[in-house]
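Novice: Whatever this is, show me its structure:
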Amino acid sequence: MTAVNFGNRRYTRLWPILLLLCVALLLLWKNLQQAHQLTQNRLIKMGLSKPNWTLSGDFAAEDYLDCVEPLGISLKQDSPRTRELQRLLNCRNRPLRFQRLQHGEFWLLQNLVIGRKSRQLGCTESITYTTNGDYTFFDNLETVVERWGGPISFAIHAPGYDLNVTLDAIQYVRNCLPGSEAISDWVSFHVYFSNQHMPEDVPYDEDEVLGRPYFCTLADGSLVPPPYTLIDRSDSYKVKANLTYPINVGRNIARQAVNTHFIFACDIELYPSLGFVDQFLDMVAQNHSVLALDPSQPRRVYPLAVFEIEAEAQLPGNKTELLALYRKQKAQVFHLKLCPTCHKIPGQQDWLNRAPSVKDQLELFSMSLREKQFRTWEPFYVSDNTEPLFDERVTWEGQSNKRIQNYAMCLLGYEYHVLHPAFLVHSPGIKKLTKAFSTRLKYAKAMTKFIKAKIEPEYRVLYGHNADCRT
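Specialist: The predicted structure follows:
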């Protein structure tokens with residue numbers, strides 16, 4: 001046998017290449033091992049079972065399923081309605097995830113705590129109720145969740161030490177109320193605060209929030225008062241620091257953190273009639289013409305009639321119950337005494353006179369532009385989340401915070417298709433002129449001047465001119 005001469009130049013040149021190839025293969029193997037270990041650690045941290053992964057090429061059927069669903073999420077069968085809406089809307093499914101973001105002058109902890117069912121919801125499976133507030137509004141959450149029965153995106157203003165009360169409130173509503181299971185399933189919480197009013201400490205992630213100690217009962221068995229009732233609004237950091245409430249910042253944050261195609265941007269003190277989510281999705285799936293699918297059609301939103309009831313009255317679940325209160329003069333159009341035109345819908349009396357169907361099927365009732373007699377209308381509506389965002393220069397104290405967005409929509413030619421028989425009802429108590437309302441007038445006067453001098457001219461440049469549109 002002839003001996004190989006390793007001194008030959010040809011073989012000498014091959015040795016460095018072979019050596020580099022061996023090193024590259026070794027590094028690749030180590031990287032695969034590290035990736036495998038990191039994935040297992042993540043699953044263990046999330047409390048999920050370790051997947052049966054292998055680095056060999058021999059996969060069993062169960063191994064393949066583990067790779068398809070590495071987070072242990074079971075495959076679900078979409079309903080015929082969901083499949084039909086997916087085909088119709090062609091929207092993209094995406095999971096909710098926690099992010100630290102800058103939002104103008106605000107720091108935002110988006111999806112700090114995510115609803116268990118909301119996290120992986122498909123884009124056509126439901127409608128997201130988007131809302132905002134601070135810790136003093138948490139008393140409305142249980143009722144909203146019970147009546148909505150779907151995902152809720154809740155943006156909470158929590159400057160300074162208000163963050164501590166907010167985090168305690170989140171733990172309380174998720175663990176200590178009769179409706180805590182539903183709240184844990186559906187509500188995703190977002191927290192924001194100005195960079196000029198930072199809290200002393202901010203949670204690192206959802207685990208840190210959910211790991212905070214909480215108590216539902218005292219040693220004698222009595223219920224612990226909700227933390228959001230223990231610190232009066234006048235003692236909040238916001239009030240002590242003389243801050244205004246950036247309501248439109250919260251509205252936009254809640255809108256931008258959803259994973260459904262349709263949203264319902266609403267104030268948290270407004271409660272929907274029962275079964276609305278299914279009614280709306282059924283209507284769309286069964287009658288595609290209710291949507292403006294042709295790009296040449298005017299864009300549409302779908303408002304609900306809004307009412308307020310006497311403080312001692314029981315919340316109506318459907319139109320029959322609402323009309324019973326209305327006939328007894330225990331219910332009326334929202335803000336009737338403060339702003340009669342702000343929530344008057346097109347065909348208001350006809351809406352009240354029309355009897356609801358036995359099945360409470362939803363239908364388009366009337367249509368109007370936001371012009372002429374409806375130029376000051378401030379509707380709450382279902383949308384596809386493509387309408388203009390709310391102007392964040394306007395505060396709650398300055399009023400007109402919804403009118404500016406509707407002014408932009410008027411300039412763009414949006415159609416408002418009122419729904420029947422669904423409605424909203426404000427938390428019990430008829431709104432009247434109070435000292436607090438009068439205090440807002442000093443902010444409102446300056447804000448109105450700013451809107452006329454600054455915002456309206458900007459919007460006419462951006463969206464066009466229409467003399468029939470008003471802020």
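Novice: Around residue 119, how many other residues sit close by?
Specialist: 17 (other CB atoms under 10 Å). In this view, the C-beta of every residue, glycine as well, is placed from N, C-alpha and C.
Novice: Quick one: residues contacting residue 447.
Specialist: 394, 395, 398, 399, 400 (CB atoms under 8 Å, 6 or more residues apart in numbering).
Novice: okay, which residue is most central for this protein?
Specialist: By CA atoms, centre = their mean, the chain has its centre lying nearest to residue 153, at 2.5 Å.
Novice: Next secondary structure after the helix or strand bottoming out on mean pLDDT in the chain?
Specialist: Ranking every helix and strand in the chain by mean pLDDT, DSSP states H and E puts helix 61-68 at the bottom, with a mean of 32. Downstream of helix 61-68, the first helix or strand assigned by DSSP states H and E is helix 80-89.
Novice: Helices along the stretch 51-200 of the chain, start to end?
Specialist: 61-68, 80-89, 141-148, 162-175, 180-186 (DSSP state H, counting those that start in this stretch).
Novice: And the pLDDT for the residue lying closest to residue 371 once chain neighbours are set aside?
Specialist: Closest residue in space to residue 371, ignoring its immediate chain neighbours: residue 468 at 4.0 Å, by CB to CB, 6 or more residues apart in numbering. Reading off the confidence values, residue 468 has pLDDT 94.
Novice: now do residue 14
Specialist: 65.
Novice: Now do stretch 274-281: everything it contacts.
Specialist: 81, 85, 124, 126-127, 147-150, 262, 302, 304, 317-318, 360-362, 382, 419, 422.
Novice: now that stretch: how far from the chain's centre is it?
Specialist: 17 Å (CA atoms, centre = their mean, to the nearest Å).
Novice: quick revisit: which among the contacts of stretch 274-281 end up buried?
Specialist: Among those, those classed as buried by 16 or more other CB atoms under 10 Å are 81, 85, 124, 126-127, 147-150, 262, 302, 304, 317, 360, 362, 382, 419, 422.
Novice: In strands, which of the residues you listed appear?
Specialist: Mapping these onto strands (DSSP state E) picks out 127, 262, 302, 382, 419.
Novice: For residue 286, see how far away the second one is.
Specialist: Counting by CB to CB, to the nearest Å, the gap between residue 262 and residue 286 amounts to 15 Å.
Novice: Same check on residue 144?
Specialist: Residue 144 is 27 Å from residue 286, by CB to CB.
Novice: Those two: which has the busier surroundings?
Specialist: residue 144 (24 against 12).
Novice: For that one, give me the pLDDT.
Specialist: 98.
Novice: Can you check my assumption that residue 283 lies in a helix?
Specialist: Yes: secondary structure of residue 283 (DSSP: H, G, I helix; E, B strand; the rest coil): part of a helix.
Novice: Correct me if wrong: it contacts residue 290.
Specialist: Yes: Residue 283 is within contact range of residue 290, at 6.1 Å (criterion: CB atoms under 8 Å).
Novice: got any residues that touch both of the two?
Specialist: With CB under 8 Å, 6+ apart as the test, residue 283 and residue 290 reach no residue in common.
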